[in-house]
Structures are given as C-alpha cells and as structure tokens.
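Peer 1: have a look; sequence and predicted model below, questions after that.
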Amino acid sequence: MMHSATRTTTLPRAFLQPFMLLLMIFAISGCGDKEPAQRKAFIDFLQTRILDKQVLAVPQLSEAQQKEFGDYSKDYAIITGFHHQMNIELDSSLVPVFAGMNGVNSVNNLLEQRDDLKKMADSSERWKEKITMLKTQADTQHAALKQPDDLKKVYDQAYDKTIVQPSAVTEQVFDLLPQVLNLIVEKADFIKSQGKNVTITGNRLQFANQTQLDKYNAIQQKLVPLNAQLMQLSRQMQQMVR
C-alpha cells in the first residue's frame, strides 16, 4: 500500500529578500515624487505674484497653496514672517511719530509738543536696531535653505525684492528720523529762548534782529532737505513693507 505525501517547499529567506525589495521599490515609485511639481508651482508663484509685479506684494498662502507647495511653504514663511514682524515694528514706532509730526500745524503747537517730540527723538535712535535684528534673523534662515538651483535663482530674487530692499530703505528712514526730530526740537527750543524778541503769528515768525533770524534760518537750512528726504523715503518704505 502506497502512501501519498504532500510536499511543501519553503523558499529560502535569502531568495525572498530581493523580491520583497523589488516590491517596495515599485510601491514607492507608484506613489510618485511630488517634489518637482511642488517646486514648479512654487517657482511660478514667486515669479508671477512677486517678481512680475511692479509694486511689492507679499500675499499670504491659502491652505490649497500650502498643500500645492509642500515643504516649500516653509521657505516662503521666511518672507511672510519678516513682513509681519516688520509691520508690527513700524506700527508701534513710525505711525505715532508721523502722526505727531503731522499734528504740528502752527508754531505754538510746535512749542506745546516739544517734549513729546524730544521723547520720540530719543526713542527713534534705537528703532534701527530692531529692524537690523529682523533682517539678520531672515538672512540666517535664508542661508540655511537647501534649494535646487532653478528654485534658488528665483527665490533669491524674490528675497531681495521683499526683504533686502525694504530693509535697506527702512534703515535709511531710521537713520534720518532722529536727525530730523532733533532739529525740530532744536528749532522749538530756539524759538522759546527768544521770549519777547520773537513775534508769533500762526506759522509766521518775526525776530527782533537779523542775527536771530540768521540763527533760525541756519536750523531751517539743515532741517528742510533732511525732512524732504525723510518723507520721500517713508513713502517708498510704506509701498515696500505692506
């Protein structure tokens, strides 16, 4: 009597490993590499929404765009983060200063606000440090990025337009601002020191002698061009940081 037997064959583990590895490769490649599409979408965004615009624009990303750009959204966050902090600093410094300066619409008003203007002048000497710090932080993050060459070329241009240039203009504003404010205070102090030797009528001054008028005009000759330059730079800065 013959007995039938069922023979089971077990493939050696060493044979299965390459086959399993091959399956893993197919599985991974089947998912597709999203990076090239994400990079292209991000490059197109930087080119069309920032570089091609005549005025500076730093749009916030929608949730859909964040998904579309993948990890490159973090690269863009360097730019938006800088502008967010920059706007906070300017709102707390320049906005009240320019409001105060614009509120000086007569000589008597200048004399009344002299102390407030002096406090602004003293404070403004420290504001540039904050902007420089923000720029340094952004530069450090920028330098740490590892980007493909095609993206790096476009991103660096966008970084220059949105961070390097606005920072340079803002620092110029903060260099000029203390000078302008201190000259305004100097003018107020000079007028007040004249007492009865000066007659004030609205925005007009009449000094008792030519020597005093010459001293007043000397202050004005330093103040007027600096103030004009400050106003020009501030308008330029406002267009670049919003």
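Peer 2: Looks like it came in fine. Residues are numbered from 1 along each chain as shown.
Peer 1: could you pull out the strands in this structure for me?
Peer 2: Counting by DSSP state E, the chain has strands at residues 198-201, 204-207.
Peer 1: quick one: which of those strands is nearest Y155?
Peer 2: Evaluated over the strands of the chain, closeness to Y155 peaks at strand 204-207, with 54.9 Å, by CB to CB. Just so you know, the C-beta spots here come from the backbone N, C-alpha and C atoms, and that holds for glycine as well.
Peer 1: neighbouring contacts of that closest one?
Peer 2: Residues outside strand 204-207 that contact it (CB atoms under 8 Å, 6 or more residues apart in numbering): 107, 191, 194, 197-199, 213, 216.
Peer 1: quick one: closest of the strands of the chain to Q113.
Peer 2: Once the strands of the chain are compared by CB to CB, strand 198-201 is nearest, at 14.7 Å.
Peer 1: that closest one: which residues count as buried?
Peer 2: Residues of strand 198-201 classed as buried by neighbour count (16 or more other CB atoms under 10 Å): V198.
Peer 1: from K161, how far out is the residue minimising distance to the centre of the chain?
Peer 2: For the chain, H83 is the residue whose C-alpha lies nearest the centre (CA atoms, centre = their mean; 3.9 Å). As judged by CB to CB, to the nearest Å, H83 and K161 stand 12 Å apart.
Peer 1: do the same with L111
Peer 2: Between L111 and K161 the computed distance is 44 Å (CB to CB).
Peer 1: who has more neighbours out of those two?
Peer 2: Neighbours per residue (other CB atoms under 10 Å) separate L111 from K161, with K161 holding more: 19 against 16.
Peer 1: tell me the contacts of that one?
Peer 2: Contacts of K161 by CB under 8 Å, 6+ apart are 50-51, 56.
Peer 1: and it, how far from K128?
Peer 2: 21 Å.
Peer 1: one more: K119?
Peer 2: From K119 over to K128 (counting by CB to CB), the distance is 17 Å.
Peer 1: the more surrounded of these two?
Peer 2: K128 (17 against 13).
Peer 1: list the contacts of the more buried one.
Peer 2: 171, 174-175.
Peer 1: quick one: which of the residues you listed is nearest to G103?
Peer 2: Out of those, the member with the shortest distance to G103 (by CB to CB) is F174, at 20.8 Å.
Peer 1: need the contact list for that closest one.
Peer 2: Neighbours of F174 in contact, by CB under 8 Å, 6+ apart: 124, 127-128, 131.
Peer 1: mind running it again at 6 Å?
Peer 2: 127-128 (CB atoms under 6 Å, 6 or more residues apart in numbering).
Peer 1: that concludes my questions; thank you for your assistance.
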